[in-house]
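J.: Sequence first, predicted coordinates after that:
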There are 2 protein chains.
Amino acid sequence: MELDGRKKAILNAIIRNYQETGEPVGSRTISKLSGLQVSPATIRNEMSDLREMGLIAQPHTSAGCIPTDKGYRLYVDEMMEEKHLPSEHRSEDLLIKRVDRVEELLMHMAKLLAQNTKYASMVTGPTYSSNKLKFIQLSRVDSGKLLGVIVLSGNIVKNSFFDIDRELGDEELLRLNLLLNNNLNGLSMEEINLGIITRIKEEAGEFSGVVSDVLDAIAGAVAEDSNPKVYTSGAPNIFMYPELSDGSTASEIISTLEEKESLRPVFEDRGEHHDIQILIGDEIPVESMKDCSVVTASYELEGGVQGKIGIIGPKRMNYEKVVATLKDTMFQLNEAVKKDD
Amino acid sequence: MELDGRKKAILNAIIRNYQETGEPVGSRTISKLSGLQVSPATIRNEMSDLREMGLIAQPHTSAGCIPTDKGYRLYVDEMMEEKHLPSEHRSEDLLIKRVDRVEELLMHMAKLLAQNTKYASMVTGPTYSSNKLKFIQLSRVDSGKLLGVIVLSGNIVKNSFFDIDRELGDEELLRLNLLLNNNLNGLSMEEINLGIITRIKEEAGEFSGVVSDVLDAIAGAVAEDSNPKVYTSGAPNIFMYPELSDGSTASEIISTLEEKESLRPVFEDRGEHHDIQILIGDEIPVESMKDCSVVTASYELEGGVQGKIGIIGPKRMNYEKVVATLKDTMFQLNEAVKKDD
DNA sequence: TGTTAGCACTCACATACGACGAGTGCTAAC
DNA sequence: GTTAGCACTCGTCGTATGTGAGTGCTAACA
């Protein structure tokens, strides 16, 4: 059976109506709403075909129809229209302002996403592994303790304290800082190889222990970010959707959102490389979210893919709006970071 | 009417039974459970008195009784026994390990609290306002941009970037750093007054603009911490308690927990200065939590009151266990920080 | 006077039943 | 191919009814 224009229009009408009401939609409603000049009986015949094709389903006999996962999939793949965000929403987004710490920027962004879409949002921290080391500074703060400041491109700052066995003089500290900066600045994490490490340690002489500590701290900073933090916001929004808010479903979703680690698989790329990825129902690699849909996008801080943002909502979410919001957020985030830089 | 020993025992039995089951408890149950050798009829007479005193109430006529807020209040004030944590729980807590950033330590602590108690937990970041400035370092990272590192006692590190109008030479930067450190180190935020500021600016000469920026950053760091972040964990735990998990109640509580700012009033001290503070029902200054109880405690990082931790659960929460867990956490946190320092 | 047994009474909860209505599936006519 | 008509399905809602846990009260008892 083939999917002609009218069937498409009917499926479209079903999805749009169900998006708004959350109730199964019947042939009479479609007849009035779709713009097609046909009677409910005709619609019923077509719906019978759509059901046979697995695009819609009835919750029970003699009820209206709701889209199946397959129906939604067809919709987002072939029927969804690109939508531009109405201006009042964009202006809200402009609230993104200069913040010193990336972390706060991301949390703020998650919050805005949740507020604008009325779904739950999630944001991963950026991965810096392809970033370059920009600046290292060791300072004596206490006796027996050094403060190391590591700056990566993108002005990501990491701090670590190092315990040292014996005191360093001002002169020695200066020399050590020069040594580290001269040899490491401008290198990406992959470029810092054993050869370079050995050379630095040799030059550092009796301070090779400190150098080891510093390199460990750099490695640690990278490791932390190759497993970047996940931020979420708007979890309580799912209570607005009856199909998700019954006891155990809501509980599981909110638990998953709090246990942020378990969200990681959601962000993993599946083959096709679009900038927007939509997962529906069972396509989501997290058990507790099989009643949801997830839309994810990548954002860049500067050059190269850097992190992910995503929206979690009911399958009947407003995909157009979500996609438009995500795209807009990506754009604004890029702008914000450029200004920051 | 006075509260004799038997009435107390009955109230105690009601509270304990209700804590476990969440169901109204009847005279028959108490007769068997309380250890008192009296018939249900006698218990009923006593319960009638307790009801008159406002310590217990019936959800409806011909139902068992549940404690009122007043009943819980009496219980926690006069009848609750100090309890020590069974060792298996303490060992879990020992997982607190060295973490570089205070933030992560606090989040980890919130998580442990929620796991151990099965209630929701909240933790405020520390307030540093009484802390002293320990170390300041300005470094040139990009041209036209300085990185400022500010270390407070307790090894709290803050980073800020400053834009500068004209380039500083190495010499000038060194002088500026010396100037700042010599004049500011060891001072608490309150001690940095206008006199000191004016003197530094004078000495800084043409760099007085940078000095202003640095002082602003310091003030900003303090402002941020006089309004410290609130961390929460275990929000989904409230789904385990039927009296809280019906639709709107759960939704409101979880929203409040996510909107962390609104939790702040909960931590405010009410007159009596105990290390543990228990708020029951309407005593909680947050509307959405009027069906809950909140137990809060103060923790110290080093010297002086510094932050708060708290547990949110149903009114029938296990107060002994919660108090014991909080005390234990306070203790362990102090230990952890000592080691860290 | 305090305690207890007995008993009528209350009320939430569960079950059953019927009415209702939204919506379908099918058939026959256009 | 489209439509009207109609029987049928099935979830929902309101009502009635029974059940049982648990009380309140009274009267008897120690």
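T.: Done, it's in.
J.: got the contact list for the residue in the stretch 151-300 of chain A that DNA strand D sits nearest to?
T.: Closest contact between the stretch 151-300 of chain A and DNA strand D, by Cβ to the nearest atom of the strand, is at A:P242 (10.8 Å). (C-beta placed from N, C-alpha, C; glycine too.) Applying Cβ atoms under 8 Å, 6 or more residues apart in numbering or on different chains to A:P242 gives the contacts A:G22.
J.: What average pLDDT does stretch A:80-91 get?
T.: For stretch A:80-91, the mean per-residue pLDDT is 68.
J.: in stretch A:13-31, what's buried?
T.: If you call a residue buried by 16 or more other Cβ atoms under 10 Å in any protein chain shown, then stretch A:13-31 has these buried ones: A:13-19, A:24-27, A:29-31.
J.: contacts with DNA strand C among those residues, please.
T.: Among the buried residues of stretch A:13-31, proximity to DNA strand C is found for A:P24, A:V25, A:G26, A:S27, A:T29 (Cβ under 7 Å from any atom of the strand).
J.: Among those residues, which are located in strands?
T.: Using DSSP state E, no member of those falls within strands.
J.: Including distance to DNA strand D and pLDDT, could the residues you listed go into CSV?
T.: Shown next, in CSV, are these (distance: Cβ to the nearest atom of the strand, whole Å; pLDDT from 0 to 100):
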residue, distance to DNA strand D, pLDDT
A:P24, 10, 95
A:V25, 15, 95
A:G26, 12, 94
A:S27, 10, 93
A:T29, 15, 93
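J.: Tell me which two of those sit farthest apart.
T.: The largest separation in those, counting by Cβ to Cβ, is between A:P24 and A:S27 at 11.1 Å.
J.: hang on, A:E243 packs against A:P24?
T.: No - if you go by Cβ atoms under 8 Å, A:E243 and A:P24 don't touch, sitting 11.2 Å apart.
J.: and A:S293, what does it touch?
T.: Residues in contact with A:S293 (Cβ under 8 Å, 6+ apart) are A:Y72, A:I278, A:L279, A:I280, A:G281, A:I284, A:I312, A:G313, A:P314, A:K315, A:M317, A:Y319.
J.: Leaving out chain neighbours, which residue sits closest to the third one?
T.: By that I understand A:L279. In this structure, A:L279 finds its nearest non-sequential neighbour in A:V294, 4.6 Å apart by Cβ to Cβ, 6 or more residues apart in numbering or on different chains.
J.: how about the one you found, secondary structure?
T.: Following DSSP: H, G, I helix; E, B strand; the rest coil, we place A:V294 in the strand state.
J.: which neighbours do A:P24 and A:S27 share?
T.: Applying Cβ under 8 Å, 6+ apart, one finds that A:P24 and A:S27 are jointly contacted by A:G64.
J.: if we can go back for a sec, for the residue nearest to A:L279, list each beta-bridge partner.
T.: A:V294 has these beta-bridge partners by DSSP bridges: A:L279, A:I312.
J.: Identify the residues contacting it.
T.: Contact analysis of A:V294 by Cβ under 8 Å, 6+ apart lists A:V266, A:I278, A:L279, A:I284, A:G310, A:I311, A:I312.
J.: any idea how far DNA strand C is from it?
T.: 29 Å (Cβ to the nearest atom of the strand, to the nearest Å).
J.: Now the longest strand seen in chain A - C-alpha only, PDB.
T.: The residue-count maximum for a strand in chain A (DSSP E) belongs to strand A:133-142. C-alpha atoms of strand A:133-142 as PDB (Å, rounded to 0.1, in the frame of the first residue of the first chain):
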ATOM      1  CA  LEU A 133      47.100  24.100  26.100                       C
ATOM      2  CA  LYS A 134      47.400  27.900  26.300                       C
ATOM      3  CA  PHE A 135      49.000  28.800  29.600                       C
ATOM      4  CA  ILE A 136      50.400  27.200  32.700                       C
ATOM      5  CA  GLN A 137      51.200  28.900  35.900                       C
ATOM      6  CA  LEU A 138      52.600  27.600  39.200                       C
ATOM      7  CA  SER A 139      52.400  29.800  42.200                       C
ATOM      8  CA  ARG A 140      53.500  29.300  45.800                       C
ATOM      9  CA  VAL A 141      50.500  29.800  48.000                       C
ATOM     10  CA  ASP A 142      51.400  28.000  51.200                       C
END
